[in-house]
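Participant: Here is a sequence with its predicted model. Questions after.
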Number of protein chains: 2
Amino acid sequence: MSDSHLPKRGRGRRPTAEVRAEVLAATGRLLFEEGMSAVTFERIAKEAGASKTTLYKWWPSPGALAAEAYFTRSRPLLEFPDTGDLHADLVTQLTAFVELLTDEGAGRPISELIGAAQLDPDLAEAWTHTYALPRRRLARQRLQAAQQAAQLSMDADLDIMVDQLWGACYHRLLILKTPLRELDIERLVTYAIRGAQ
Amino acid sequence: MSDSHLPKRGRGRRPTAEVRAEVLAATGRLLFEEGMSAVTFERIAKEAGASKTTLYKWWPSPGALAAEAYFTRSRPLLEFPDTGDLHADLVTQLTAFVELLTDEGAGRPISELIGAAQLDPDLAEAWTHTYALPRRRLARQRLQAAQQAAQLSMDADLDIMVDQLWGACYHRLLILKTPLRELDIERLVTYAIRGAQ
């Protein structure tokens, strides 16, 4: 294990951005490996070599920190490609999303995080503003690019498309609890694009 | 208040079906009016005039009872009409669903119930088997009738349609937390039917 993973207290102040990044990385790791119950300020302070006071200053609650950590960790995996082919790009992104929830192990922690958000209005606020609404904006941008490229009607309701594509995945994950791998992503994307024409 | 609402202990045994129906009605009332935290066996036993032992015998947990109560209470409101016009019938049903979640006040208790199910595998099991999967079966039946009536391709993936229609509503309710009333149900239904052709 390299020295850079050890707490650095007493070796002088690290830049804020660096501490923040390490806290988010440690939180993401804990969330994926052990689930929501492991995400406490006590534990994260220890893992990331930051003080609890710092954590309280930056995040109102461990749940808010978990939401940001999930956004940070999943963002590179959930990039929207733009090869010019909307169908192919949506299949690529949704396949990555389903893999994140299955093979990458995000399904359980993310269900727990969304579940806890239903019982805690502050966490719901953090979750929607730090994760869900920003992700919808990214999806909308890709769909708008398709409109500009005349691959999608200018009149298409992009929010409904987002609901139909990612909402379908969440429906199986959270409501039906059926295996996400059984979802035919090709077909889901075909239906959503054809429906909105 | 009529005498029939009072506990009937000591007046002889009521038929099982009657006790069961009263327990479910009392639970549904508590769930809608006060939320999940009010649904305890203690409270329900008192409200329905049943013994806690009976409740424990019939339901493994208050959450399992809440899931069945929600199914029982919402079922008449969520009937699938079959006027022969699939589009109109889906709009009618989804409008009733959204009204249940908004005007009828089910949005908060049902979010709490689904939220708690993410943190409790036994409740998740009760929720999916008592509510979510049976409701999907009812939706599928209506879509199959449309296939028989040649209003929908025999090849259509009905599960994806269910994910796209009701999943869209849950997506706004649980993930985005945006007002469900803003959802254009006419358009959602148009997209789903056209997509699956």
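Facilitator: Arrived safely, thanks for sending. None of these values were measured; they are calculated from a predicted model. Numbers count the residues shown, from 1 in each chain, chains lettered A, B, ... in the order given.

Participant: longest single helix anywhere in chain A?
Facilitator: helix A:16-34 (DSSP state H).

Participant: Report the buried residues of the following helix or strand past that helix.
Facilitator: Remark: after helix A:16-34, the chain's next helix or strand is helix A:41-48, criterion DSSP states H and E. Using 16 or more other Cβ atoms under 10 Å in any protein chain shown as the test for burial, helix A:41-48 gives A:41, A:43-45, A:47-48. (Glycine included, C-beta is placed from N, CA and C.)

Participant: Which ones among these also lie next to chain B?
Facilitator: By Cβ under 8 Å from any Cβ of the partner chain, no member of the buried residues of helix A:41-48 lies near chain B.

Participant: quick check, nearest of these to residue A:120?
Facilitator: residue A:41 (15.6 Å; Cβ to Cβ).

Participant: Tell me how far that closest one lies from residue A:24.
Facilitator: The gap separating residue A:41 from residue A:24 is 14 Å, by Cβ to Cβ, to the nearest Å.

Participant: do the same with residue A:31
Facilitator: With Cβ to Cβ as the criterion, residue A:31 and residue A:24 are 10 Å apart.

Participant: How about residue A:142?
Facilitator: 25 Å.

Participant: which of these two has more neighbours?
Facilitator: Set side by side, residue A:142 and residue A:24 show more neighbours around residue A:24, with 22 against 17, by other Cβ atoms under 10 Å in any protein chain shown.

Participant: How confident is the prediction for that one, by pLDDT?
Facilitator: pLDDT for residue A:24: 97.

Participant: I figured it hits residue A:72, correct?
Facilitator: Yes - at 4.8 Å, residue A:24 counts as touching residue A:72 under the criterion of Cβ atoms under 8 Å.

Participant: Check the gap between the spatially most central residue of chain A and residue A:134 for me.
Facilitator: Nearest residue to the geometric centre of chain A (Cα atoms, centre = their mean): residue A:71, 4.0 Å. Residue A:71 is 7 Å from residue A:134, where distance means Cβ to Cβ.

Participant: likewise residue A:32?
Facilitator: Distance of residue A:32 to residue A:134, computed by Cβ to Cβ: 20 Å.

Participant: repeat for residue A:122
Facilitator: 18 Å.

Participant: what's the answer for residue A:86, then?
Facilitator: With Cβ to Cβ as the criterion, residue A:86 and residue A:134 are 21 Å apart.

Participant: of those two, who's got more company?
Facilitator: residue A:86 (20 against 13).

Participant: Surely the more buried one touches residue A:151?
Facilitator: Yes - if you go by Cβ under 8 Å, residue A:86 and residue A:151 touch, sitting 4.6 Å apart.

Participant: Could you break chain A into its assigned domains?
Facilitator: A:3-65, A:70-195 (automatic domain parsing).

Participant: Among the ones you listed, which comes closest to residue B:94?
Facilitator: Of the domains of chain A, nearest to residue B:94 by Cβ to Cβ is domain A:70-195, at 12.1 Å.

Participant: Having no further points to raise, I will conclude here.
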